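> Predicted model, plus sequence, below.
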Amino acid sequence: NRYFVDEVSAILALQWRDIYFTYVSANNAAKFRDDPEYIVFEGPSFVTNLHNFNYKRDAWKDKRVRQAFMYGIDRESILRDVYNGTAVAAPCQDPYPAFWPEGANYYPYDPAKAKALLEEAKADGINIQGPSYDLSTYYSDQLSKDVLTVMQANLADLGINANPLFIDVASWRVLVDNEANFDFTYRGTGAGPAFIATNWYT
């Protein structure tokens, strides 16, 4: 096995015959589909992309704030326009549909409800509108950057300033796993994007 810092490097290694198999995101897979030199194996990757919120930040301790994030991010447009229909929304972190809770809330896009939840939290002294929050990730591929661009715009509509922070895996692990010195993150549970879900650090 070889680790590549980004998908572009892996694709170049594949084209140079340094490797003979690699995972690629859906938009890059399309480039190989009609090339007889390559075989594209398609199917679920069973990987979850998700947010972690740092509970050391008081704002994230309020359930209404976390729910506002979920209602305020237009996951369906991300799945349709960024993933081109190659991913689905998951109601939890588990990537296997067989284990998804029955009756789980899929948090359909509802910015009005998100704003109402933020107003309720603000009335109780929890105000996250105004400050800038770093949204750290170790993903560097264009697909993930496009996803975060949409999320950033959605959150801006709620008055939340999210600042995507693209860092290498080692630095991300120090920041998140070792020091817990982060606001919230965009990460995956496996080798590539397939689902968008959320969970929170306790």
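Sure thing, it's come through. Numbers count the residues shown, from 1 in each chain.

> Below-threshold pLDDT in the chain: ranges please.
For the chain, the stretches with pLDDT under 70 are 1, 190-202.

> in it, which spans are strands?
For the chain, the strands defined by DSSP state E occupy 48-53, 88-89, 132-137, 161-166, 184-188, 195-198.

> Who are the contact partners of N105?
Shown in contact with N105 (CB atoms under 8 Å, 6 or more residues apart in numbering): P91. Heads up, the C-betas are built off the backbone N, CA and C, glycines and all.

> neighbours around the residue nearest to L118 when sequence neighbours are not counted, how many?
Excluding the flanking residues, the one nearest L118 by CB to CB, 6 or more residues apart in numbering is A68, at 4.9 Å. For A68, the neighbour count with other CB atoms under 10 Å is 27.

> mind listing what A68 touches?
Here A68 is in contact with 113-115, 117-118, 121, 158 (CB under 8 Å, 6+ apart).

> Nearest to D183 among those residues?
L158 (15.2 Å; CB to CB).

> Provide the backbone phi and psi angles at the closest one.
Main-chain torsions, L158, degrees, to the nearest 10: phi -90, psi 0.

> R17 and D34, how far apart?
Applying CB to CB, to the nearest Å, the value for R17 to D34 is 19 Å.

> got it, and Q67?
Per CB to CB, Q67 is found 44 Å from D34.

> who's more crowded, those two?
Comparing Q67 with D34 by other CB under 10 Å, the one with more neighbours is Q67, at 18 against 8.

> Please give me every residue in contact with that one.
107, 114, 117.

> can you redo the contacts of A68 as a markdown table with distance to S25?
Converted to a markdown table, the contacts of A68 look like this (distance: CB to CB, whole Å):
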| residue | distance to S25 |
| --- | --- |
| K113 | 31 |
| A114 | 28 |
| K115 | 32 |
| L117 | 32 |
| L118 | 33 |
| A121 | 35 |
| L158 | 28 |
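
> Kindly provide the distance from D35 to N181.
Per CB to CB, D35 is found 44 Å from N181.

> Most distant residue from the centre of this structure?
P36 (32.8 Å; CA atoms, centre = their mean).

> Whichever helix in the chain runs longest vs strand 184-188, what angle?
Taking DSSP state H as the criterion, the chain has its longest helix at helix 142-157. For helix 142-157 against strand 184-188, the angle by axes from the mean of the first three to the mean of the last three CA atoms, to 10 degrees is 150 degrees.

> where's helix 142-157 relative to the chain centroid, distance-wise?
9 Å (CA atoms, centre = their mean, to the nearest Å).

> Mind giving me the packing neighbours of it?
helix 26-33, helix 63-72, strand 132-137, strand 161-166, strand 184-188 (3 or more CB pairs under 8 Å, 6 or more residues apart in numbering; DSSP states H and E).
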